[in-house]
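Novice: need coordinates for the below:
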Amino acid sequence: MSTSDSFALLRATAAVQRLDTELTVHPGDRQRERTYLVHRAALADRAVPALADVEDPEASEQDAEDTARRLLEHDRAHRTGHGPVPAADARWNTDARGYARQEHAAAVRDEHDQEHVRRGPEHA
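Specialist: Next up is the predicted model:
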């Protein structure tokens, strides 16, 4: 793993920890909960290869699957998906991590667009 990949995972871990803290301060906030689930699932998915040398690969694979499944179940229950293929689509029954990847990509695009609007087009 390259140094830049390690730093990206470290930044993602810190972001997930901040989101977890926000949930503690604002319990029951569905939007914050979903944001946490999206970023937690993405982190777990990205961490699988990074953790292969330090823990049982099955454990990190299972964590990635479990966190992706939590996001999928949340979006199915609340109809809160943002990606092009809805959570209700049967394809996700066997590919929860694919769903999490789709939703993380949509979240990153949304965050980028919001930052662009906040800063104005001159900072694009």
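Novice: can you pull out the helices in this structure?
Specialist: Along the chain, the stretches classed as helices by DSSP state H are 3-25, 30-51, 57-78, 96-119.
Novice: just name the most buried of those.
Specialist: helix 30-51 (a mean of 20; mean count of other CB atoms under 10 Å). Every C-beta, even on glycine, is put in place using the N, C-alpha and C of the backbone.
Novice: what mean pLDDT would you report for that one?
Specialist: Average pLDDT, helix 30-51: 94.
Novice: quick one: list the elements packing against it.
Specialist: helix 3-25, helix 57-78, helix 96-119 (3 or more CB pairs under 8 Å, 6 or more residues apart in numbering; DSSP states H and E).
Novice: list of residues touching the shortest one?
Specialist: Contact with helix 57-78 is made by 30, 33-34, 37-38, 40-41, 44-45, 47-48, 51-52, 80-81, 87-88, 92, 96-97, 99-100, 103, as judged by CB atoms under 8 Å, 6 or more residues apart in numbering.
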